[in-house]
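**Q** just need the structure, nothing else, for what follows:
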Amino acid sequence: MENLKITTNIQVCQYNELVEEDKILIDKAKSMTEKSYVPYSKFHVGAALLLSNGKIVGGSNQENAAFPSGTCAERTTIYYAHSKYPESKFQKLAIAASKDGKFTARPISPCGACRQAILEYETLGGEPVKLLLYGTDCIYIVNSISDLLPLCFSEF
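**A** Modelled structure (predicted):
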């Protein structure tokens, strides 16, 4: 029998260490939290996606009383982006979350369903989608969604 060890490389940094493009993307994700519809959880999540055409698309989580009919911010964002700009590749996705008017201290990461959905578009584009996960204490930079979804259904 053999053991398989899976590791994930995540870069940890502060906002002021980011390049300007990443700051803009995180700021957009933070602003998108204000557009959440979250009457049940009160947990606001925003996402911002940089496309290969230079456009930035934002989205937020949308809840529904008929749980689980709501949609996470990440899937709201990527599904809209692909329907509006189907020829563009996804380059970077920033995610931020807040509760009670305060952003989370530690970054949050996409749920399993969102990880698989992001992977579909990463595979479609043929190149990794960089993730910028915002928290007030630090920011996690992940070079590919497959880093958060080991043994995924993909060629990456």
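**Q** what's the neighbour count on residue 84?
**A** 11 (other CB atoms under 10 Å). C-beta: built from backbone N, CA, C; applies to glycine.
**Q** list the contacts of it.
**A** Going by CB atoms under 8 Å, 6 or more residues apart in numbering, residue 84 touches residue 57.
**Q** give me the distance between it and residue 45.
**A** Distance of residue 84 to residue 45, given as CB to CB, to the nearest Å: 20 Å.
**Q** just the strands in this structure please.
**A** 11-13, 43-51, 56-60, 90-99, 102-103, 130-134, 139-142 (DSSP state E).
**Q** the helices in the protein, which residues?
**A** 20-32, 73-84, 112-125 (DSSP state H).
**Q** ok, residues contacting the last one?
**A** Residues from elsewhere that reach helix 112-125, judged by CB under 8 Å, 6+ apart: 52, 72, 74-75, 78-79, 82, 89-90, 93, 110, 128-129, 144-146, 148-149, 152-156.
**Q** how about stretch 9-17?
**A** 23, 26, 138-143, 147.
**Q** kindly recompute the last result at 6 Å.
**A** Residues from elsewhere that reach stretch 9-17 (CB atoms under 6 Å, 6 or more residues apart in numbering): 138-142.
**Q** most tightly surrounded among the helices of the chain?
**A** helix 73-84 (a mean of 20; mean count of other CB atoms under 10 Å).
**Q** could you check the angle that one makes with strand 56-60?
**A** 140 degrees (axes from the mean of the first three to the mean of the last three CA atoms, to 10 degrees).
**Q** tabulate the strands of the chain (a markdown table), appending mean pLDDT and mean neighbour count.
**A** Output for the strands of the chain, formatted as a markdown table (pLDDT from 0 to 100; neighbours: other CB atoms under 10 Å):
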| stretch | mean pLDDT | mean neighbour count |
| --- | --- | --- |
| strand 11-13 | 98 | 13 |
| strand 43-51 | 98 | 25 |
| strand 56-60 | 98 | 22 |
| strand 90-99 | 98 | 24 |
| strand 102-103 | 98 | 12 |
| strand 130-134 | 98 | 24 |
| strand 139-142 | 98 | 20 |
